[in-house]
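Q: no sequence for this one, just the structure:
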């Protein structure tokens, strides 16, 4: 054995850059390396102040993804107050099955509402 990590299987539509990024995530032990597409459902959210524009927001949510039991999470994120999340809102996320709390939420989806 040469100590070289095995090449991950490539998805048919994945670019070489995306394949390289996935390989590096696995090699470095990144918890998102095996993440699956999922979502969060916002259960509670802190209130936004009228100013300043960017503020820390506390979001209590439920993580949902195929093969992953629903799990509660608490997230702290800085958000533009014009796009404050709402209770009941669903946002896409990448969810690592081994540690759902280490998810990556697509906060940009807030701008599309």
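A: Yes, it's here. Owing to the predicted nature of the structure, the values given are computational and were not obtained by experimental measurement.
Q: does residue 45 touch residue 86 like I think?
A: Yes - at 7.0 Å, residue 45 counts as touching residue 86 under the criterion of C-beta atoms under 8 Å. All C-beta atoms are positioned from the backbone trio N, CA, C, and that covers glycine.
Q: look at the two and report which has more neighbours.
A: Between residue 45 and residue 86, residue 45 has the larger neighbour count (other C-beta atoms under 10 Å), namely 19 against 9.
Q: could you measure the more buried one against residue 68, distance?
A: 22 Å (C-beta to C-beta, to the nearest Å).
Q: next: residue 49.
A: Residue 49 is 34 Å from residue 68, by C-beta to C-beta.
Q: these two: which is more packed in?
A: Neighbour count, other C-beta under 10 Å: between residue 49 and residue 68, residue 68 has more, with 18 against 8.
Q: what strand or helix carries the nearest residue to the more buried one once chain neighbours are set aside?
A: Distance criterion C-beta to C-beta, 6 or more residues apart in numbering; nearest residue to residue 68, sequence neighbours excluded, is residue 97 at 5.1 Å. Assigned by DSSP states H and E, residue 97 falls within no helix or strand.
Q: and what of residue 18?
A: Using DSSP H and E, residue 18 sits within helix 16-28.
Q: what lines up beside the very next helix or strand once past that helix in the sheet?
A: Toward the C-terminus, helix 16-28 is succeeded by strand 36-45 as the next helix or strand (DSSP H and E). Taking DSSP bridges as the criterion, strand 36-45 sits next to strand 54-65 (antiparallel), strand 90-95 (antiparallel) in its sheet.
Q: endpoints of stretch 91-103, how far apart?
A: 12 Å (C-alpha to C-alpha, to the nearest Å).
Q: so for stretch 67-78, what gets flagged as buried?
A: For stretch 67-78, burial by neighbour count (16 or more other C-beta atoms under 10 Å) applies to 68, 71, 73, 75.
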